[in-house]
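Colleague: here is a sequence together with a model predicted from it:
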Amino acid sequence: MHRQFPRFRGGTVAVALSGGKDSSVALSLSERYFRGRPAVRLVAISVDEGIPGYRPATLRAAAELTAALGVEHRIVRAEEELGTTTDRTARELPGTPPCSFCGVWRRRLLNSAARAEGAQAIVLGFNLDDLAQTVLMNVVRGDLDRLARMAPHRVRQEGLVPRLAPLAQVPEREVYTYARLRGLPFDHGECPHAGRAARNRFREIVWSLEEAQPGTRQALLRTRERLLDRWGTAETPSAPGRCRGCGEPASGPLCRSCEYRELARPAPVPGSRA
Ligand code: SF4
């Protein structure tokens, strides 16, 4: 079931905070934007996927930033919520690029944590480059459902906290420059699994297209916007049902998070309703 966003009068806004530059800028700007509005409560949510040697440093940067800004900070751990971690699953599924399940789990954990906080929206740090790559990836795969479902969201769906992307028009380099100029604490580390991400190829393609034809990134985003205009709210092909494993929104019998859990280790999912 879809509903258009009601006018925002106040309430809780969650910000997904990884501790990297993009989400740190998103949190810093959100804090500045909502400062002086007592009706708005800001909460930063970090997901610990369980990647030793990488995630602990980013979580320390996230804690430093939230303390400096005076923003509440929650950390959700995959080990506690899903009973597994990205690193362990990477060993159990050596043929699967870790980003495929890690990204799904992070979205799942962010959504349930933001919902538990009563958040009306989740602010993401996605920049122009990120989103242009995602649009192209979905187009190349012919996956119109995902093209429609990807953030930023226009409509509210049952059980899914809408994800917003205020940096959608800001190139990655400008986000980085802003973070440095404001002296925001953020971590520069790279995930040890990042080299296997399908996104890497699309990053290069989008960048070479942008060099040959400036404005390509904006054009990719505009293409998605125009498609959404044509589909209209009711036709947006993303109405989810409920996962029989964990009860979260899903488009099939199981949500993708539980599908990956079952693939990795065919054991009952914690909190399973099945
Ligand atoms: S790079 Fe991939 S595996 Fe690493 S944190 Fe990001 S999504 Fe997870």
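Modeller: Thanks, I have the structure now. Numbers count the residues shown, from 1 in each chain.
Colleague: who's in contact with the residue sitting furthest away from the middle of the chain?
Modeller: Ranked by distance from the centre of the chain (CA atoms, centre = their mean), the top residue is Ala212, with 29.2 Å. Counting by CB atoms under 8 Å, 6 or more residues apart in numbering, Ala212 makes contact with nothing. For the C-beta atoms, the positions are set from N, CA and C on the backbone; glycine is no exception.
Colleague: number the residues from 128 up from this point.
Modeller: Yep, numbering from 128; the last one is Ala339 now.
Colleague: pull up the gap between it and Ile332, please.
Modeller: 11 Å (CB to CB, to the nearest Å).
Colleague: do the same with Ala166
Modeller: 44 Å.
Colleague: over to Arg201?
Modeller: With distances taken as CB to CB, Arg201 is found 36 Å from Ile332.
Colleague: same deal with Gly269?
Modeller: For Gly269, the distance to Ile332 - CB to CB - is 16 Å.
Colleague: more neighbours, those two?
Modeller: Ile332 (16 against 8; other CB atoms under 10 Å).
Colleague: which regions of the stretch 178-327 of the chain lie under the pLDDT threshold?
Modeller: Across the stretch 178-327 of the chain, nothing is flagged by pLDDT under 70.
Colleague: helices of that one, start to end?
Modeller: 182-196, 205-209, 213-219, 225-243, 255-267, 271-276, 299-308, 326-339 (DSSP state H, counting those that start in this stretch).
Colleague: counting by contacts, list what the longest strand anywhere in the chain packs against.
Modeller: Longest strand in the chain, counting residues (DSSP state E): strand 167-175. On a contact count with 3 or more CB pairs under 8 Å, 6 or more residues apart in numbering; DSSP states H and E, strand 167-175 meets strand 138-143, helix 148-161, helix 182-196, strand 199-204, helix 205-209, helix 225-243.
Colleague: indicate which one of those is closest to the ligand.
Modeller: Evaluated over the helices and strands packed on strand 167-175, closeness to the ligand peaks at helix 225-243, with 3.1 Å, by CB to the nearest ligand atom.
Colleague: buried residues, that closest one. List them.
Modeller: For helix 225-243, a neighbour-count test (16 or more other CB atoms under 10 Å) marks 225-226, 228-241 as buried.
Colleague: ok, and which of those reach the ligand?
Modeller: Residues of these in contact with the ligand (CB under 6 Å from any ligand atom): 225-226, 229-230.
Colleague: which one of those residues is nearest His320?
Modeller: Minimum distance to His320 across those is 4.0 Å, recorded for Pro225 (CB to CB).
Colleague: in contact with that closest one, which residues?
Modeller: 213, 216-217, 320, 323.
Colleague: can I get those in a markdown table including distance to the ligand?
Modeller: Shown next, in a markdown table, are the contacts of Pro225 (distance: CB to the nearest ligand atom, whole Å):
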| residue | distance to the ligand |
| --- | --- |
| Thr213 | 5 |
| Thr216 | 10 |
| Ala217 | 8 |
| His320 | 4 |
| Arg323 | 8 |
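Colleague: list phi and psi for the residue nearest to Ala153 when sequence neighbours are not counted.
Modeller: Computed as CB to CB, 6 or more residues apart in numbering, the closest residue to Ala153 that is not its neighbour in sequence is Gly252, at 3.9 Å. Backbone torsions of Gly252, given as degrees, to the nearest 10, read phi -90, psi 20.
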